[in-house]
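[1] Quick one: sequence plus predicted model below, questions after.
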Amino acid sequence: MENNEITKKANENKIKSKIPKIKLHKIIKYIVIAVILIVVFSSGVFFSSVINGQTKTTKLGFEDAGELVTQTAYMTIVRDTEEHREFFDLFQIPFTQSRQIFSYDIQIDASIDFSKITNTIDDDKKEIKIEMPHAKIYKATIDNDSLKVYLDKESLFSRIDLTEHNEAVKEMKEQGIEDAKANGILELAEKNAESLIGTFLKTNDKIKNYNITFEYKGE
């Protein structure tokens, strides 16, 4: 019985000897180090979060729109195409004339490249200066379903081939563009762009009452 108790105590002492002994002063040291690290990170001595704020609006996001059509014109162009044979450039040979008279509806679009618009904001004077490129013709589109043929007379001696017809259609587009320009499509496109920009700026409470001026760059 006594031998068993002696053996039990010996085993207990052996287990205790395997447990590392941590002295009180080391525990205090670890606690102090942990407290110092917490203070350092929270106070930002070595690491800090930097927040930069700007109250002045310098970018209004016009470039997000890209190329924007701001005016469209619709017109009907009539084309008269004639082909005939001549005798040594002296006179027209009878019965050799081919002639086509037809029309197409054409849509002319004028646009502003919003990606090239820049702005300057003066908060003290409450002014916004918008610099933008001039309007340009974006494209001319023929409505193929609108074709109307008024005359289609063809001679065996002089035929209007497909190449000549395509060239006629191309010239109709060019004529449509020139007519649209003559009727002020580019000026209307710029005025509409100014109106769109003004409406956009009015949605911003900070600058909605600022005076807006427009300046055009380039030709």
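    That came through fine. What you see is a predicted model, and the numbers here were worked out from it, not measured in a lab. Numbering: from 1, shown residues only.
[2] what about the helices in this protein?
    2-18, 24-43, 162-182, 185-201 (DSSP state H).
[3] Can you spell out the domain ranges of this structure, please?
    Per automatic domain parsing, the domain ranges recorded for the chain read 2-43, 62-217.
[4] among those, which gets the worst mean confidence?
    Comparing mean pLDDT over the domains of the chain, the weakest stretch is domain 2-43, at a mean of 50.
[5] Contacts only, for V149.
    100-102 (CB atoms under 8 Å, 6 or more residues apart in numbering). All C-beta atoms are positioned from the backbone trio N, CA, C, and that covers glycine.
[6] let's go with 10 Å and repeat that
    100-103 (CB atoms under 10 Å, 6 or more residues apart in numbering).
[7] Count the neighbours of D179 for me.
    Neighbourhood size, D179 [other CB atoms under 10 Å]: 15.
[8] cool, and A189?
    A189, neighbours per other CB under 10 Å, totals 25.
[9] wait, it sits on D113?
    No. If you go by CB atoms under 10 Å, A189 and D113 don't touch, sitting 11.4 Å apart.
[10] Common neighbours of these two, please.
    Counting by CB under 10 Å, 6+ apart, the residues touching both A189 and D113 are 68, 134-136, 138.
[11] Inside strands: which ones of those residues?
    Applying DSSP state E to the shared contacts of A189 and D113, the entries found in strands are 68, 136, 138.
[12] Please tell me how far the second one sits from L68.
    Spelled out, it's K136. Look at K136 and L68: by CB to CB, to the nearest Å, they are 12 Å apart.
[13] any common contacting residues for those two?
    111-113, 189.
[14] Count the residues that sit near the closest residue to T120 other than its chain neighbours.
    Here the nearest residue to T120 in space, its sequence neighbours aside, is K129; by CB to CB, 6 or more residues apart in numbering that works out to 4.6 Å. Using other CB under 10 Å, K129 has 14 other residues around it.
[15] show me the contacts for P133.
    Counting by CB under 10 Å, 6+ apart, P133 touches 111-117, 190, 193, 216-219.
[16] Would you mind checking the residues you listed for buried ones?
    Among the contacts of P133, the ones that count as buried by 16 or more other CB atoms under 10 Å are 111-114, 117, 190, 193.
[17] Between the two ends of stretch 144-164, how far is it?
    End-to-end distance for stretch 144-164: 17 Å, by CA to CA, to the nearest Å.
[18] scratch that, stretch 80-99 is what I was asking about
    The first residue of stretch 80-99 is 7 Å away from its last residue (CA to CA).
[19] And stretch 151-165, by the same measure?
    14 Å.
[20] With stretch 107-118 instead?
    Across stretch 107-118, first to last residue, CA to CA, it's 30 Å.
[21] Quick check, K153 in contact with E82.
    Yes. Judged on CB under 10 Å, K153 makes contact with E82 at a distance of 9.3 Å.
[22] residues shared between the contacts of those two?
    Residues touching both K153 and E82 (CB under 10 Å, 6+ apart): 97-101, 160.
[23] Now intersect those with the strands, please.
    Reading strands off the shared contacts of K153 and E82 with DSSP E, I get 98-101.
[24] on that earlier part again, quick one: contacts for the residue nearest to T120?
    K129 touches 118-122, 211-215, counting by CB under 10 Å, 6+ apart.
[25] 7 Å instead, please
    By CB atoms under 7 Å, 6 or more residues apart in numbering, the contact set of K129 is 119-120, 213, 215.
[26] Report the beta-bridge partner residues of it.
    Beta-bridge partners for K129, by DSSP bridges, are T120, T213.
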